[in-house]
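> mind looking at a prediction? Sequence and model below.
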Amino acid sequence: DAKTTQPNSMESNEEEPVHLPCNHSTISGTDYIHWYRQLPSQGPEYVIHGLTSNVNNRMASLAIAEDRKSSTLILHRATLRDAAVYYCILSGGSNYKLTFGKGTLLTVNP
Amino acid sequence: NAGVTQTPKFRILKIGQSMTLQCAQDMNHNYMYWYRQDPGMGLKLIYYSVGAGITDKGEVPNGYNVSRSTTEDFPLRLELAAPSQTSVYFCASSSSVGDRNQPQHFGDGTRLSIL
């Protein structure tokens, strides 16, 4: 399975934008890029996913590099509730076997 | 909709005991999954099912069994519990309709300690 590389932790201030990077240099043509997040003591929560084009939804935006070897999850205005571990995951064309790494722990300062 | 419901939320077992972790979803999802999460780590897939009567192994299936007799329920059985199975267990489900990358919906987890 293609692997992803994320920073262990990042810090942000409330109401500021947050850019969470993910490197996936061995991504294949059929791999989708998924982002999930896990709030403390909860199960993971779907955030967004995409293949080639940038994607937007009510929670976040996903910016995918032209060569698809990296992507960035963008939270437009961080809130305290966005403090969580964020996972960047590749799937081989389906979501059957999502492989979760350690993710990025996002701390949001008031 | 309640989504994905896991019971119990917490459990302590003695070594060698067995138990069943329950998972039910009310979203009519065909796909269901069991993961475990050890402290400070990401989730690892134990078993998954693409429909009633169909199950398959994930990354870490040893020591576990599953069954899927209905669309709604996907219980996980631990036989002969071992300390290495101390973990948080998450059940998830996803739809098989349309895009093959439908989001997975997770339950709140079962925290299991084996002493």
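Everything's here; your move. Numbering: from 1, shown residues only, chains lettered A, B, ... in the order given.
> switch to C-alpha atoms for all contacts and neighbour counts from now on
Noted.
> hey, where'd the strands end up in chain A?
Using DSSP state E, the strands of chain A run over A:9-13, A:18-23, A:32-38, A:45-50, A:55-56, A:61-64, A:70-75, A:84-91, A:104-109.
> those strands: which one's closest to chain B?
Closest to chain B of these, according to C-alpha to the nearest C-alpha: strand A:45-50, at 6.0 Å.
> deepest-packed of the strands of chain A, please.
The highest average neighbour count among the strands of chain A, using mean count of other C-alpha atoms under 10 Å in any protein chain shown, belongs to strand A:84-91 at a mean of 25.
> adjacent strands (with direction) for that strand?
In the sheet, strand A:84-91 lines up against strand A:32-38 (antiparallel), strand A:104-109 (antiparallel) (DSSP bridges).
> got the contact list for stretch A:26-41?
With C-alpha atoms under 8 Å, 6 or more residues apart in numbering or on different chains as the test, stretch A:26-41 has contacts from A:2-3, A:44-51, A:68-69, A:73, A:82-94, B:101, B:108.
> for the chain, which spans come out with low pLDDT?
You didn't say which chain, so I picked chain A. Applying pLDDT under 70 to chain A flags the ranges A:1-2, A:92-96.
> let's do chain B instead
Across chain B (using pLDDT under 70), the flagged ranges come out as B:1, B:98-99.
> with adjacent residues omitted, what lies nearest to B:Pro39?
Nearest non-adjacent residue to B:Pro39, counting by C-alpha to C-alpha, 6 or more residues apart in numbering or on different chains: B:Ser87, 7.4 Å away.
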